[in-house]
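K.L.:
Using only what follows, build the 3D model:
(chains A and B)
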Amino acid sequence: GQSLEQPSEVTAVEGAIVQINCTYQTSGFYGLSWYQQHDGGAPTFLSYNALDGLEETGRFSSFLSRSDSYGYLLLQELQMKDSASYFCAVRRNQGGKLIFGQGTELSVKP
Amino acid sequence: GAVVSQHPSWVICKSGTSVKIECRSLDFQATTMFWYRQFPKQSLMLMATSNEGSKATYEQGVEKDKFLINHASLTLSTLTVTSAHPEDSSFYICSASYPRAGLAANEQFFGPGTRLTVL
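P.N.:
Just a heads-up that it's a prediction; the model follows:
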């Protein structure tokens, strides 16, 4: 079977740092992507890891350990607008087919 | 760049009717598009992979005769929900693979989604 596990919800305060973990078990692994989705909106691409290590993009960083089938998204200097759902997704092949986790709802409080 | 549009953004229809949803890549050519369905507070479930000029590949459990997919050009894929029923009410989202080199090759860009309500 295929499964991706991530926490269902996380709460943090403005200015804080939060880490959203994702563990996966899939047949076929090409890379791990992260997407942000605001209520009623389309998912937007945040980050992608194909190799082990840390990828940094502004306030967001993503990490991958292929040997541990584990990754995380790190959000720094949290802002109210970061309140959204965050999905990890395994890219199963070069063609880009994605299998999504259940999503983590992040609430940022003042 | 890499903009994907969907039309309509929302639709209400009667049970038993068919509804067509369009997905367009506006500033790039997409040989592969994907269709997802998302229920409230749930994840995106991949329904099918749409390849230009060939038949779509459906995920297990998705009825291909009910969800007809046509990818007639490099910028347009359509999903037709045939004989819609209330349980088909959902948020339907398409994405297109953006062809570029490097590790993020074939990154997917998502359309804004279509909210379908079947009465």
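K.L.:
Strands of the chain, start to end?
P.N.:
Looking at chain A here, since you left the chain open. Shown for chain A, the strands assigned by DSSP state E span residues A:3-5, A:9-13, A:18-25, A:31-37, A:44-49, A:53-57, A:60-65, A:70-75, A:84-91, A:98-100, A:104-109.
K.L.:
was after chain B, sorry
P.N.:
B:4-7, B:10-13, B:19-25, B:32-38, B:44-51, B:57-58, B:67-73, B:76-81, B:90-98, B:107-110, B:114-118.
K.L.:
Can you tell me, leaving aside adjacent residues, what's nearest to residue B:90?
P.N.:
Leaving aside its sequence neighbours, residue B:90 sits nearest to residue B:37 (C-beta to C-beta, 6 or more residues apart in numbering or on different chains; 4.9 Å). Yep, even glycine has a C-beta here, placed from its N, CA and C like the rest.
K.L.:
Residue A:55 against residue A:33, yeah?
P.N.:
No - using C-beta atoms under 8 Å, residue A:55 makes no contact with residue A:33, being 10.8 Å away.
K.L.:
overlap in contacts of the two?
P.N.:
A:47-48 (C-beta atoms under 8 Å, 6 or more residues apart in numbering or on different chains).
K.L.:
Which residues are in contact with the residue in chain A positioned nearest to chain B?
P.N.:
Nearest residue of chain A to chain B (C-beta to the nearest C-beta) works out as residue A:96 at 3.6 Å. Contact analysis of residue A:96 by C-beta under 8 Å, 6+ apart lists B:32, B:34, B:97, B:106-108.
K.L.:
okay, those in CSV with neighbour count, distance to residue A:18 and pLDDT next?
P.N.:
As requested, these are exported to CSV (neighbours: other C-beta atoms under 10 Å in any protein chain shown; distance: C-beta to C-beta, whole Å; pLDDT from 0 to 100):
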residue, neighbour count, distance to residue A:18, pLDDT
B:32, 20, 33, 88
B:34, 27, 29, 94
B:97, 24, 30, 81
B:106, 20, 29, 57
B:107, 20, 24, 76
B:108, 25, 25, 83
